[in-house]
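1. Sequence and computational prediction follow.
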Amino acid sequence: MFQLSPHDPASPSLESFQNCDILIGLPSRNHETSIGHILRAARDCLNQYFPASRCVILHLDCGATDHTVNWARAACPNSFYSCYHFRQPLAHQAFSVNTLPEDFASAWRCLIQKAAELEAKKILLLRPDSIEASPERIRDLLLPLEQAQLDYVAPVYSLHYHEGILTSHLLYPLLRSLFGKRLQTPVDGNFSFSSRMAREWMKKGMGEPTYSQISLNLWLTTTALATGHSVGQTNFGRRLPRISSEFMALPELLVKTLTPLFNVMENCPPIWMEVKGSTPVPMTGGKTDWYYEPGSTNPQQNFSAFQQAFPPMEEIWRRILPTELLDQIRELSQTTWEAFNFQDHLWVNIIFEWAVAYVWRRMERSHLIRSFAPLFLGRSASFIRETEQYSSAELGNRLELLCLEFENLKPILINRWRP
């Protein structure tokens, strides 16, 4: 357990903020280009929009080797490793951690545990590289917890046409069909939650100990949906490039995202099997849309990777897929780019078969998920080719059709799930 210990002995202890109104948690490592902006946005949000609330910010240093520490100190004078007031006489306090978590997932567990112990009424976790954050957007993540009595609020972004395909083509539509809630961003790193939600996560053990930050984030979201807590979303504007994001190979990214998702499916089939259709969740901040920048992607590279993968992967996929689906994939791998069309029906059925194969352990689980990567490349290439000339509205309608296909074909998943 990480020790929260302000250096100034005259500072109030963190325990004095029992039942505080707002707790904002922010882990960081080498985020010198963004940490100051995020801390100032959080500080200004509390000052401008919650002036009468008892608030605390917990900043966790996860081992910075650059100038993140200096920028954090400059953003909030006299705040690093100490307790500070944003403005007298208001009880806006901040603490930092003087021991280093092993990773951001550990830092999140620490923050959620401390929020539960303090019984903070509203809790917000922020990414240290979310340079699109502003006092107003942070406010919009916090307010629905009280105004709409929600337990979990996620951001929704205006995205590039070809950004977030893993979310828009797999994570979101699958979760929507499973639990019936149209929560568009199941994994991001910026989200708010209630004390009830924090206690529920603690009760369920905070996911697998080996989960990365991405895996834990998805587990938190999926658990909120599976346990029937009230969820919502808010417009967080256009998502800007993550300055400090580390490159992650697609197979590893799939392992980190599909593992917690399939695990939750495995643990609560009586819940998701009873859900039919889906309903919108409360939305604040206005509608989001899509934008396009020509020449930003090269889908033919993904198409070539998909084609080249079929011969060496065929025997592995044969252990996962029925013959009719494997035959359709073989035919796709032999087509030309001009005729390439990875249809929704095939895509959805493949995802369902991968979930079933995971649960029934038809091969080592991480290997099974990594073997899905070429199919994802093929699907993404087909979709980019199809929608390159679409308007923002047309693209939104096209993705809605995909989501409906997941919902309409869900009985196939249920039948395949049962032995």
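-> Thanks, I have it.
2. so where's this protein uncertain?
-> 1-13, 76-102, 160-161, 240-248, 288-297, 419 (pLDDT under 70).
3. same thing but at 80, please
-> Within the chain, the segments meeting pLDDT under 80 span 1-17, 61-64, 69-70, 72-104, 131, 158-163, 237-248, 286-298, 418-419.
4. what are the ranges of the strands in it?
-> Taking DSSP state E as the criterion, the chain carries its strands at 22-28, 55-61, 84-85, 92-97, 122-125, 152-160, 191-194, 231-238, 283-284, 290-291.
5. what's the longest helix along the chain in contact with?
-> When the chain is scanned for its longest helix (criterion: DSSP state H), the result is helix 299-318. With contacts defined as Cβ atoms under 8 Å, 6 or more residues apart in numbering, helix 299-318 is touched by 326, 329-330, 332-334, 337, 340, 363, 371, 374-375, 377-378, 380-382, 384-385. All C-beta spots, glycine's among them, are computed from the backbone N, C-alpha and C.
6. if you set the cut-off to 6 Å instead, what comes out?
-> Residues outside helix 299-318 that contact it (Cβ atoms under 6 Å, 6 or more residues apart in numbering) are 326, 333, 337, 371, 374, 377-378, 380-381, 384-385.
7. I'd assumed Pro280 was in contact with Lys181.
-> No. Lys181 is beyond contact range of Pro280, at 8.4 Å (criterion: Cβ atoms under 6 Å).
8. Arg139 - how many residues pack around it?
-> 19 (other Cβ atoms under 10 Å).
9. From Leu220, how far off is it?
-> 22 Å (Cβ to Cβ, to the nearest Å).
10. Equivalent analysis for Gln48, please.
-> 28 Å.
11. cool, and Met265?
-> 16 Å.
12. More neighbours: which of these two?
-> Leu220 (27 against 24).
13. could I get the strands of the chain as CSV with mean neighbour count?
-> Formatted as CSV, those follow (neighbours: other Cβ atoms under 10 Å):
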stretch, mean neighbour count
strand 22-28, 26
strand 55-61, 25
strand 84-85, 17
strand 92-97, 24
strand 122-125, 25
strand 152-160, 22
strand 191-194, 26
strand 231-238, 22
strand 283-284, 16
strand 290-291, 16
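14. and of those strands, who's closest to Glu132?
-> strand 231-238 (5.5 Å; Cβ to Cβ).
15. Could you list the paired strands of that closest one along with their orientation?
-> Paired with strand 231-238 in the same sheet, following DSSP bridges, are strand 152-160 (parallel), strand 283-284 (parallel).
16. now those in a markdown table, with distance to Gly189?
-> A markdown table is the format used below for the strands paired with strand 231-238 (distance: least, Cβ to Cβ, whole Å):
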| stretch | distance to Gly189 |
| --- | --- |
| strand 152-160 | 9 |
| strand 283-284 | 19 |
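17. Minimum distance to Gly228: which of these has it?
-> strand 152-160 (11.2 Å).
18. From the chain's centroid, how far away is that closest one?
-> Put simply, strand 152-160 sits 10 Å off its chain's centre (Cα atoms, centre = their mean, to the nearest Å).
19. For it, which outside residues touch it?
-> Under Cβ under 6 Å, 6+ apart, the answer for strand 152-160 is 141, 144, 183-185, 188, 190-193, 197, 224, 229, 231-233, 235-236, 238-239, 288-291.
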